[in-house]
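Colleague: Sharing a sequence plus its predicted fold:
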Amino acid sequence: MRAYRLKPAMLLLAAFVPSALAAQTATGGEPPRVTKRDLNEIVCEKQKVPGSRLAVAKVCKTRAEWAALRDQDRMELERAQTQRGVSQ
């Protein structure tokens, strides 16, 4: 006889699916709406200051600027990973 083990992710999924369905039927059967975010809205984040263990700086940018920064970081990371073994 073969024993099957469920992965923790499957258990979490099984725990949340019934509650999501119950919440959906409690609100009239409609799925929750996804609101469109304003790209010009200013969002502030707390970031650690390099060289300090405790200092934190508050950085405020628009959602569009944060998205552009994430895209730029992702492209730089991908470029560094593809050029890792190439000598110049």
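Modeller: Structure received. Numbers count the residues shown, from 1 in each chain.
Colleague: Contact partners for Ala67?
Modeller: By CB atoms under 8 Å, 6 or more residues apart in numbering, Ala67 lies in contact with Leu39. Backbone N, C-alpha and C define where each C-beta goes, glycine included.
Colleague: Doesn't it belong to a helix?
Modeller: Yes. Counting by DSSP: H, G, I helix; E, B strand; the rest coil, Ala67 falls inside a helix.
Colleague: so where's this protein shaky on pLDDT?
Modeller: 1-35, 86-88 (pLDDT under 70).
Colleague: Please enumerate the strands of it.
Modeller: 42-48, 56-62 (DSSP state E).
Colleague: I'd like to know which of those lies nearest to Arg84.
Modeller: strand 42-48 (26.7 Å; CB to CB).
Colleague: Quickly run through the sheet partners of that closest one, with directions.
Modeller: Sheet pairing for strand 42-48, assigned by DSSP bridges, gives strand 56-62 (antiparallel).
Colleague: Check the spacing between Leu54 and Cys44 real quick.
Modeller: 19 Å (CB to CB, to the nearest Å).
Colleague: Comparing the two, which residue is more hemmed in?
Modeller: Each of Leu54 and Cys44 has its neighbours counted (other CB atoms under 10 Å); Cys44 has more, 9 against 6.
Colleague: Leaving out chain neighbours, which residue sits closest to the more buried one?
Modeller: If the residues on either side of it in the chain are set aside, Cys44 comes closest to Cys60, at 4.2 Å by CB to CB, 6 or more residues apart in numbering.
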